[in-house]
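Asks: the following block contains a protein sequence and its predicted model.
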Amino acid sequence: MASNNSMGFITAIFAHPSYTDYIFDMLTLWMIGPYFETMFGSRNFWLTFMLSGIASTLSPILYYAMGTPVLVGGSSGALFGLIGFIIATPHRGVILANPINIIAIIFLLSPLPSPSA
């Protein structure tokens, strides 16, 4: 069923489907956010967060094209964008010498199982 909300691709970033998703997203943001803002500034933080979040909420269009309905919610896509930006920047130092990179790699390689209803 299609939504009439034309801003749904933005509001989905801030709507979490479960308390568990919300808690883990906020925990990740608490660990990654201050580091990102210190290294790259608030403007780059919000720009990266919003662009990554919008891209992640628009990505299920491929599934819609195949006839499979997909519900999108949460800021995990935006957080993956922040982590990818941190890992991809050249002045991040040696990857394994920086604790934030170790946290980012663990986050990217070990997705937590989420209940699907």
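Replies: Yep, that arrived. Numbers count the residues shown, from 1 in each chain.
Asks: mind listing the helices for this structure?
Replies: In the chain, the segments counted as helices under DSSP state H are 8-11, 19-40, 42-58, 61-65, 76-88, 99-109.
Asks: now those helices as a markdown table including mean pLDDT?
Replies: Below are the helices of the chain laid out as a markdown table (pLDDT from 0 to 100):
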| stretch | mean pLDDT |
| --- | --- |
| helix 8-11 | 68 |
| helix 19-40 | 85 |
| helix 42-58 | 89 |
| helix 61-65 | 70 |
| helix 76-88 | 83 |
| helix 99-109 | 70 |
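Asks: and among those, the most buried is which?
Replies: helix 76-88 (a mean of 19; mean count of other C-beta atoms under 10 Å). For every residue, glycine as well, the C-beta is placed using N, CA and C.
Asks: show me what that one is packed against.
Replies: Where contact means 3 or more C-beta pairs under 8 Å, 6 or more residues apart in numbering; DSSP states H and E, helix 76-88 is packed against helix 19-40, helix 42-58, helix 99-109.
Asks: out of the ones you listed, which comes closest to V72?
Replies: Closest to V72 of the helices and strands packed on helix 76-88 is helix 42-58 (C-beta to C-beta; 4.9 Å).
Asks: just checking, G74 touches A15?
Replies: Yes - counting by C-beta atoms under 8 Å, G74 touches A15, with 7.3 Å between them.
Asks: how about A104: what's its closest non-neighbour residue?
Replies: I83 (4.4 Å; C-beta to C-beta, 6 or more residues apart in numbering).
Asks: tell me the spacing between the one you found and Y19.
Replies: For I83, the distance to Y19 equals 22 Å [C-beta to C-beta, to the nearest Å].
Asks: and for I106?
Replies: Distance from I106 to Y19, by C-beta to C-beta: 22 Å.
Asks: dump the helices and strands packed on helix 76-88 into CSV; add distance to M66 as well.
Replies: CSV is the format used below for those (distance: least, C-beta to C-beta, whole Å):
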stretch, distance to M66
helix 19-40, 25
helix 42-58, 15
helix 99-109, 26
